[in-house]
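> After the sequence you'll find the predicted model.
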Amino acid sequence: MHGLARDPADGTLYVGTHEGLFSYATAEPELVSPVMDFMGFAVAGPGEFVASGHPGPDVELAEPMGLIRSVDAGRTWAEVSRGGESDFHSLTASPSAVIGYDGALRRTQDGTTWDEATLPEPIADVALSPDGQVALITTESGLQRSPDQGDTWEVVTDAPLMVYADWADPDTVVGLSVDGRIMVSTDGASTFEARGEAPAADVVAFSASLEGEQLEALLATQDEVIVIPL
């Protein structure tokens, strides 16, 4: 598993894996996409997803796929850009922007025209605020925040070292620290407090959600998907 998120259209949880995109609308996960290797996956808006990775044997997309998009909740996919060039292992999206990490931190407003953001050091995860302006990266130096989509960065001194971070709404950020604590910020990633612990150590994908009025941390291991109310 390499990415998971809820579709704001109906709250359904989707998980990107090496074998395709799965819907967790029922107790049994359902393959909704063609068989593809989803190395990066993000929800850009209701029913609109973006992804990256490698095509399956019956999928006519470039290798690597670059940035691909679905506008029917993951059923069909089309190349947007950077096919044959980028395999984004970390991918984040808002309705107005996409940022992906393929060794460089790349950003686009329209899906086709890209430039490179400043990259202070290698990253583990990247997250873009719902308005597409504020970016977060998790690094060995700590959580870093950019108010300008990656032109400038500042370490968030109040945050512990984190592996993952994600925005649940314009003010709320949820992260997973390196020691397994689930951290929550309600002031746009300026200050954090612990709200619990991850029940598993081998987390391979992470996101945050406001399902109705319930704040959630969504975690995936190689064996299961875990939803933690906060």
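Happy to help now that I have it. Numbers count the residues shown, from 1 in each chain.
> Check which element follows the longest strand anywhere in the chain along the chain.
Determined from DSSP state E, the single longest strand within the chain is strand 37-45. Using DSSP states H and E, the next helix or strand after strand 37-45 towards the C-terminus is strand 48-54.
> What strands line up against that next one, and which way round?
Using DSSP bridges, strand 48-54 pairs in its sheet with strand 37-45 (antiparallel), strand 67-70 (antiparallel).
> Export these to a markdown table and append columns for mean pLDDT, distance to Gly84 and mean neighbour count.
For every residue, glycine as well, the C-beta is placed using N, CA and C. Output for the strands paired with strand 48-54, formatted as a markdown table (pLDDT from 0 to 100; distance: least, Cβ to Cβ, whole Å; neighbours: other Cβ atoms under 10 Å):
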| stretch | mean pLDDT | distance to Gly84 | mean neighbour count |
| --- | --- | --- | --- |
| strand 37-45 | 97 | 15 | 24 |
| strand 67-70 | 98 | 12 | 22 |
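> Of these, which is nearest Asp102?
Minimum separation from Asp102 across the strands paired with strand 48-54 (Cβ to Cβ) falls at strand 37-45, 8.8 Å.
> then the longest strand of the chain to PDB, C-alphas only?
Listed next in PDB are the C-alpha coordinates belonging to strand 37-45 (Å, rounded to 0.1, in the frame of the first residue of the first chain):
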ATOM      1  CA  ASP A  37       1.200  -0.200  -9.400                       C
ATOM      2  CA  PHE A  38       0.200   2.900  -7.500                       C
ATOM      3  CA  MET A  39       3.400   4.400  -6.000                       C
ATOM      4  CA  GLY A  40       1.700   7.700  -5.300                       C
ATOM      5  CA  PHE A  41      -2.000   8.400  -4.800                       C
ATOM      6  CA  ALA A  42      -4.000  11.500  -3.700                       C
ATOM      7  CA  VAL A  43      -7.500  12.900  -3.800                       C
ATOM      8  CA  ALA A  44      -7.700  16.200  -5.600                       C
ATOM      9  CA  GLY A  45     -11.500  16.800  -5.200                       C
END
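> That one: how far from the chain's middle?
How far strand 37-45 lies from its chain's middle: 7 Å, per Cα atoms, centre = their mean, to the nearest Å.
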